[in-house]
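**Student:** Give me a 3D structure for the following:
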Amino acid sequence: MKALASAAVLGLATIVASPASSEDYPARPVHIVAPFAPDGGTDFIARLIAQKLTERVGQQVIVDNKPGAGGNLGAEFAVKAPPDGYTLLLVAGGYTVNPSLYKLSFDPVNDISPIIQFSQWPEELLAADGVAPAGGTPEQFRKVIGSDIGRWRGVVKQANVKVE
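**Tutor:** So this is what the prediction gives:
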């Protein structure tokens, strides 16, 4: 379970201005939007969270899968939900990249409020054999990264890459 939890960078965000008072929240089912297809990592984590939250708060927590556009369709659905704390959004690491890839109808930073980060995803930069900058080898690519590791730090962050 620990290994699975570290298999994805996931955060839970709520679109909330001010939820109902803490005494009566939640008074109805809470929805967790998983912006990817069922049976994937985000869906699995969302269902684990939903089960535990249901047990803990005594109110049903439902997972709504809203896949499409790299998670943007589900994120947009959650952002446009009433800001009452009854719609939560589970995001993956790609959420941070989406503004540079898509024209979004919402502000991915200011339209949500982060609640908790569940895990970290060790990301790796990979190259198929024979594929590297200017047709070089993966070994040559590692040397290029090693010669200017500061520039690549964000790319290889948390990657289990040995730079020689």
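**Student:** From the contact counts, what lies against the longest helix along the chain?
**Tutor:** Counting by DSSP state H, the longest helix found in the chain is helix 41-57. When contacts are defined as 3 or more C-beta pairs under 8 Å, 6 or more residues apart in numbering; DSSP states H and E, helix 41-57 packs onto strand 10-16, strand 30-34, strand 61-65, strand 84-92, strand 113-119. Quick note: C-beta positions are derived from backbone N, CA and C, even for glycine.
**Student:** Please point out which parts of that helix sit buried.
**Tutor:** Buried residues in helix 41-57, counting neighbours by 16 or more other C-beta atoms under 10 Å, are found at 41, 42, 43, 44, 45, 46, 47, 49, 50, 53.
**Student:** nearest to residue 101, of those?
**Tutor:** Ranked by distance to residue 101 (C-beta to C-beta), these are led by residue 42 at 17.7 Å.
**Student:** Leaving out the residues flanking it, which one is nearest to the closest one?
**Tutor:** Sequence neighbours aside, residue 36 is the residue nearest to residue 42 in space, at 4.4 Å (criterion: C-beta to C-beta, 6 or more residues apart in numbering).
**Student:** Same check on residue 33?
**Tutor:** Excluding the flanking residues, the one nearest residue 33 by C-beta to C-beta, 6+ apart is residue 78, at 4.3 Å.
**Student:** and what of residue 104?
**Tutor:** Nearest residue to residue 104 in three dimensions, chain neighbours excluded: residue 72, at 6.4 Å (C-beta to C-beta, 6+ apart).
**Student:** The one you found is in what secondary structure piece?
**Tutor:** Secondary structure assigned from DSSP states H and E places residue 72 in helix 72-79.
**Student:** Output the contacting helices and strands for that helix.
**Tutor:** Judged by 3+ C-beta pairs under 8 Å, 6+ apart, the packing partners of helix 72-79 are strand 10-16, strand 30-34, strand 61-65, strand 84-92.
**Student:** again, 10 Å this time
**Tutor:** strand 10-16, strand 30-34, strand 61-65, strand 84-92, helix 98-101 (3 or more C-beta pairs under 10 Å, 6 or more residues apart in numbering; DSSP states H and E).
**Student:** Where does the prediction get shaky in this structure?
**Tutor:** Flagging of the chain using pLDDT under 70 yields the residue ranges 1-23, 119-164.
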